[in-house]
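Visitor: okay, sequence plus prediction incoming.
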Amino acid sequence: MSFQSIKNCEQDIIRVESIFHAVGHGLIYTLLLNMDVQDESLNYYLVYDCGSRKGKHIIRRELEFSSCTTDRNLTFLLISHLHQDHISGLDFMCEYFNLRGTIVVLPYFPPELRAISLVLDIMRFKEEGKPYPADGILIHVDPLDYIVSNLDSGNSIKIVLIYDSDLPPTDKDFYSHRPTIEPNVKTPRDKPTDRPEDLWKVIYDTFRADTERLLRYLRERYPLEAGVLERLFRENILIMVRGYLSISILGLYEFLMIYPPIDRDVVESIKQEIMSELRISKLDVDTLREIVTTSSKQKELRRIVEKHIRDLNDYSLIFYHGVDKHIHEYRCIYKITPSKTLYNPYCHCGAELLTGDVSLRSRRTKNRLNQLGDERLSKISVLQVPHHGSNRDWSPYVFKKSECIHKIGVIFRGKSAVSQNVLLSLRYDCNAIPFICDSSVSEGRLIISKVYHILNTF
């Protein structure tokens, strides 16, 4: 049965095209979700990570190839973490997409974790014998300012920060730069309530309690002029979400953005040592900028972080998407390119999990992923292997839970060789096919096309 014949004979159809782009040492993933529901066709576009600016000619080639750029209205932009090869291509998003109303989702990194992340990033460049680019420092010192200055030239982007614990972020400076947006989007009558342009209202209404809780906490901690914080959060909306953001599109398809908890003991230990050794009373945007732009202080910062390097995991925003768990029955045609393989047209699977540079070995990551539930984990047919196939961060436990017949482990090739242990683990522990996204190969990108026919829901 072809894609077109299913489209013609059924009413509620979901079409998904996801592309793992071959951008060399970095990551760009684009997703097009098209839904024919209630006699209306709705498109949702998502980008996960932006690649590295140093590979700009490859990024341009790959984005021109993406079907997301045909409509150009980007619904979601997800940034997994602050390393150069995942975020410094941010300015290309303005070149290829209409960003008006785009929802930008990223994890919250406190100043001490931004300092740690910066040192790890600098060390990777040093290992490659390359100078560290200046915008890497800008990214880590003030991420929101970097995002806003690169994306928000009248675009009215919206920002969602996901933080990892019950305690709201206390880094006041992190809230100082935000774009102006219009949160009160009116939903058209007699239309689906989760149109792309209305998703922000859904998120805003859902997580308003978290934001109010954060405001109360900040008012107690920072004696600012009455109404200042309220104005910042209501006129220049920044939504704070604990743990993970879950969005169900029309009750048919799920987007979940998950942030594993930070190892607070290690991070706090490093923070106290930084403040003691560098003789500073607090870590914020200003002091962090001074540290990383002063040669002697940056050297001392690196010495402190390197002492704890074995205790650190890489933290990333994890992204899961698939048919909503409340769907009782559906059929799916599943096709991948470049191998032109047509999968079982009745497979009950098709979910994808992107991991950025997270460590799958971390107990905290495992606990957070287990919150997805066995039903979701059993549907994962595509897994982005973290950290360019690094054996240090790999564990097969997530993929082993999948009940899919056909599974693919996607690896973005970095400068170093992909671990043979990871390739063997994918093949024999997970019964999955490894696919290496390689920019030096003519068809190095992986394209996955799925068409779901919804039979009925619970």
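Guide: Happy to help now that I have it.
Visitor: would you map the helices across the stretch 201-350 of the chain?
Guide: For the stretch 201-350 of the chain, the helices defined by DSSP state H, counting those that start in this stretch occupy 208-221, 228-235, 264-277, 285-293, 295-307.
Visitor: and the third one, what's buried?
Guide: By that I understand helix 264-277. 267, 269, 270, 271, 273, 274 (16 or more other CB atoms under 10 Å). Heads up, the C-betas are built off the backbone N, CA and C, glycines and all.
Visitor: same check on the last one?
Guide: When burial is assessed from 16+ other CB under 10 Å, helix 295-307 yields the following buried residues: 297, 298, 300, 301, 302, 304, 305.
Visitor: then stretch 364-381 to CSV, C-alphas only?
Guide: Provided in CSV are the C-alpha atoms of stretch 364-381 (Å, rounded to 0.1, in the frame of the first residue of the first chain):
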residue,chain,number,x,y,z
ARG,A,364,20.0,10.3,36.9
THR,A,365,19.5,10.1,33.1
LYS,A,366,18.2,6.5,33.4
ASN,A,367,15.7,7.6,36.1
ARG,A,368,14.5,10.5,34.0
LEU,A,369,14.1,8.4,30.9
ASN,A,370,12.2,5.7,32.9
GLN,A,371,9.5,8.4,33.6
LEU,A,372,8.6,8.0,29.9
GLY,A,373,7.1,4.7,30.8
ASP,A,374,7.6,1.3,29.2
GLU,A,375,4.9,1.8,26.6
ARG,A,376,6.8,4.8,25.1
LEU,A,377,10.2,3.2,25.4
SER,A,378,8.9,0.1,23.6
LYS,A,379,8.0,2.2,20.6
ILE,A,380,11.5,3.7,20.0
SER,A,381,12.7,2.6,16.6
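Visitor: contacts for it, please.
Guide: Outside stretch 364-381, the residues that touch it by CB atoms under 8 Å, 6 or more residues apart in numbering are 243-244, 254, 256, 258-263, 313, 318, 320, 322-323, 325, 334, 347-353, 358-360, 395, 397-399, 401-404, 406-408.
Visitor: same thing but 7 Å
Guide: Stretch 364-381 is contacted by residues 256, 258, 260-261, 263, 320, 322, 325, 349-353, 358-359, 397-399, 401-404, 406-408 when judged by CB atoms under 7 Å, 6 or more residues apart in numbering.
Visitor: out of those, which are inside strands?
Guide: Mapping these onto strands (DSSP state E) picks out 256, 258, 320, 322, 351, 352, 353, 408.
Visitor: next SSE downstream of the helix or strand of the chain with the lowest mean pLDDT?
Guide: Scoring the helices and strands of the chain by mean pLDDT, DSSP states H and E places helix 3-9 at the bottom, with a mean of 39. Scanning forward in sequence from helix 3-9 by DSSP states H and E, the next helix or strand is strand 13-20.
Visitor: looking at the ones in strands among the contacts of stretch 364-381, which two lie furthest apart in space?
Guide: Longest distance between any two of these is 20.4 Å, between 258 and 408; criterion CB to CB.
Visitor: quick one: the helices in the stretch 51-200 of the chain?
Guide: Under DSSP H, counting those that start in this stretch, the stretch 51-200 of the chain gives helices at 56-65, 68-71, 84-87, 91-96, 111-127, 134-141, 143-151, 199-206.
Visitor: low pLDDT regions in the stretch 251-400 of the chain?
Guide: 309-314, 339-348 (pLDDT under 70).
Visitor: let's see it at 80
Guide: 264, 284-285, 307-314, 326, 328-349 (pLDDT under 80).
Visitor: any idea of the pLDDT on the closest residue to residue 138 other than its chain neighbours?
Guide: Spatial nearest neighbour of residue 138, chain neighbours left out: residue 146 (5.3 Å); criterion: CB to CB, 6 or more residues apart in numbering. Here the pLDDT value assigned to residue 146 is 84.
Visitor: what's the answer for residue 424, then?
Guide: 95.
Visitor: now it: phi and psi?
Guide: phi -70, psi -40 (degrees, to the nearest 10).
Visitor: cool, and residue 22?
Guide: Dihedral angles (degrees, to the nearest 10) for residue 22: phi -80, psi 90.
Visitor: now for it, how many residues are close by?
Guide: 24 (other CB atoms under 10 Å).
Visitor: quick one, what contacts it?
Guide: 62, 437, 438, 439, 441, 444, 445.
Visitor: quick one: the closest residue to it other than its chain neighbours from residue 21, how far?
Guide: Distances taken as CB to CB, 6+ apart put residue 444 closest to residue 22, at 3.4 Å, once the chain neighbours are dropped. Using CB to CB, to the nearest Å, residue 444 is found at 9 Å from residue 21.
Visitor: more neighbours: which of these two?
Guide: residue 21 (27 against 21).
Visitor: and the more buried one, what pLDDT?
Guide: 89.
Visitor: shift numbering so it begins at 138
Guide: Sounds good: first residue 138 from here, last item residue 158.
Visitor: backbone dihedrals for it, both of them.
Guide: phi -80, psi 140.
Visitor: surely it and residue 201 touch.
Guide: No: in this structure, residue 158 is not within contact of residue 201 by CB atoms under 7 Å, at 10.8 Å.
Visitor: the residue nearest to residue 210 when sequence neighbours are not counted: how many residues sit nearby?
Guide: Residue nearest to residue 210 in three dimensions, not counting chain neighbours: residue 235, with 4.8 Å by CB to CB, 6+ apart. Residue 235 has 14 neighbouring residues, counting by other CB under 10 Å.
Visitor: same question for residue 534.
Guide: When neighbours are counted by other CB under 10 Å, residue 534 comes out with 14.
Visitor: residues in contact with it?
Guide: Counting by CB under 7 Å, 6+ apart, residue 534 has contacts residue 503.
Visitor: for residue 210, see how far away it is.
Guide: 38 Å.
Visitor: could you do residue 202 as well?
Guide: Residue 202 is 18 Å from residue 210, by CB to CB.
Visitor: same question for residue 274.
Guide: 32 Å.
Visitor: neighbour count: the two, which is higher?
Guide: More crowded of residue 274 and residue 210, by other CB under 10 Å: residue 274, with 19 against 16.
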